[in-house]
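# let me see the structure of the following:
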Amino acid sequence: MQRYFISKLGQSVLLLFGVLLLVFVMVRITGDPAALMMPREASPEDVEAFREAMGFNRPLPLQFVDFLSGAIVGDFGNSLHFKTPAMPMVLARLPATVQLAGVGLLMAIVVGIPLGLVGGFTPGSLVDSVGRGLALLGQSIPNFWLALIMILFFAVRLGWFPSFGRDYWNSVIMPAFVLGLPTMGQIVRLTRSAVLEIRGEDFIRTANSKGLEPGTIYTKHVLRNVAIPLVSVIGVQFGYMLGGSIYIETIFAWPGIGQLLEQSIGWRDFPLVQAIAIFTSLVVLAINLFTDVAYAVIDPRIRYDT
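Here you go, the predicted structure:
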C-alpha cells in the first residue's frame, strides 16, 4: 500500500509540474505578456516599465525559475485589478465554490444511487424508467440552458428560490442542482449497470443457494462491489465540479472561484488567472490522489497488482 501511494503521489507531482509549465507557456505564447496585461490606452513607455517591473524582459528560463519558485510558496504576484496578492483572493472565494460543488454532489448521490440500485434490482420497473430518463437528461441537457430555464420558472414565475447571489439558505439549491445533474445521471447509469452485472456473478448465486437473506446479500455483497466503481466516478466528478463551475457561478452570480475566473479574464488580470488555474489544478490532483487511495482500500486487488 505504501508503494502504491508513493507511486500515485509521484505521478501527481509530475502532473502538477506539467500544469505549471503549461500555464507559464500559455501566458507567453499568446503574445507579449506586458502588452496583454496593460490597458489598451497605455503608452509604450508604461508598457516597457511594466515589462521590466514584472521581469518579462529577462530570459525565459529565468522567468520560469522565478515563476516556479513563487508557485511553490503560493506567490503569483498581485492582482492587476485589485492591487492585492492573487492567491488570498482565490482562497477567499473557495468556501462558496466548495459549498456549491458539495451540495451538488450530495444531491447527485442521494438521488442517483437509490435510483440506480432500484433500477438494477428491478429492471423495467417504473422507478427504473424514471432513473434512465433522468440519466439521459443529465447527460444531454446543456447546463447553462437548464440554469436559465430554472431561473425563469422557479425564480421569476414561482418565486420559490432567489435568482442569483448567496444571501439566503436556499440560494444554493438551483445552482447546485444544475451543476450536479450530469453527475447524477452518471451515477444512475453506473450504479444500475454495476448491479445488473454483479447480480449474475457466481458468488451472488452461491449466497442465494446458501439461503442468505436478500438484505444481507445486497448489503454485504452487492453494495460493496457497487461502491468500487462509484468511488472513482464520484471523486473525479467532484474535482470537475470544483473546477468546471464557471458558467453556473456566472449565471447565478455565485461568488465563487468560477465567477472570479470569468471576471479576471475580462479584466485581463493574468496573475489572478494563473493563481486560479494552478490552485484549481492542485485541488483536482489532490482529489484524484485521494480517490485512487480510497479505490485501493476498497479493492485490495488494485494495490496488489501495482
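
# show me where pLDDT drops low in this protein?
Applying pLDDT under 70 to the chain picks out residues 1, 30-31, 211-215, 219-220, 244, 299-306.

# now do the strands in it.
Under the criterion DSSP state E, the chain contains no strands.

# what sits against the nearest residue to residue 170 once chain neighbours are set aside?
Sequence neighbours aside, residue 161 is the residue nearest to residue 170 in space, at 5.4 Å (criterion: C-beta to C-beta, 6 or more residues apart in numbering). (Glycine included, C-beta is placed from N, CA and C.) By C-beta atoms under 8 Å, 6 or more residues apart in numbering, the contact set of residue 161 is 154, 155, 170, 171, 173, 174.

# identify each buried residue in stretch 86-94, please.
86, 87, 89, 90, 93, 94 (16 or more other C-beta atoms under 10 Å).

# what's that stretch in contact with?
By C-beta under 8 Å, 6+ apart, stretch 86-94 touches 74-79, 82, 255-257, 259-260, 271-272, 274-276, 279.

# could you turn the buried ones of these into a ChimeraX selection?
Selection of buried members from these for ChimeraX, criterion 16+ other C-beta under 10 Å:
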select :74,75,76,77,79,255,256,257,259,260,271,272,274,275,276,279
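
# tell me which residues of stretch 24-41 are tucked away?
In stretch 24-41, counting by 16+ other C-beta under 10 Å, buried: 24, 27, 33, 34, 37, 38.

# list of residues touching it?
Outside stretch 24-41, the residues within contact range by C-beta under 8 Å, 6+ apart are 46-48, 50-51, 54, 56, 60, 63-64, 67, 80, 268-270, 274.

# what is the most widely separated pair among those residues?
46 and 64 (25.3 Å; C-beta to C-beta).

# enumerate every residue touching residue 258.
Residue 258 touches 97, 244, 245, 246, 247, 248, 249, 250, counting by C-beta under 8 Å, 6+ apart.

# one more pass at 10 Å, please.
Applying C-beta atoms under 10 Å, 6 or more residues apart in numbering, one finds that residue 258 lies in contact with 93, 96-97, 100-101, 179, 242-250, 276, 280.
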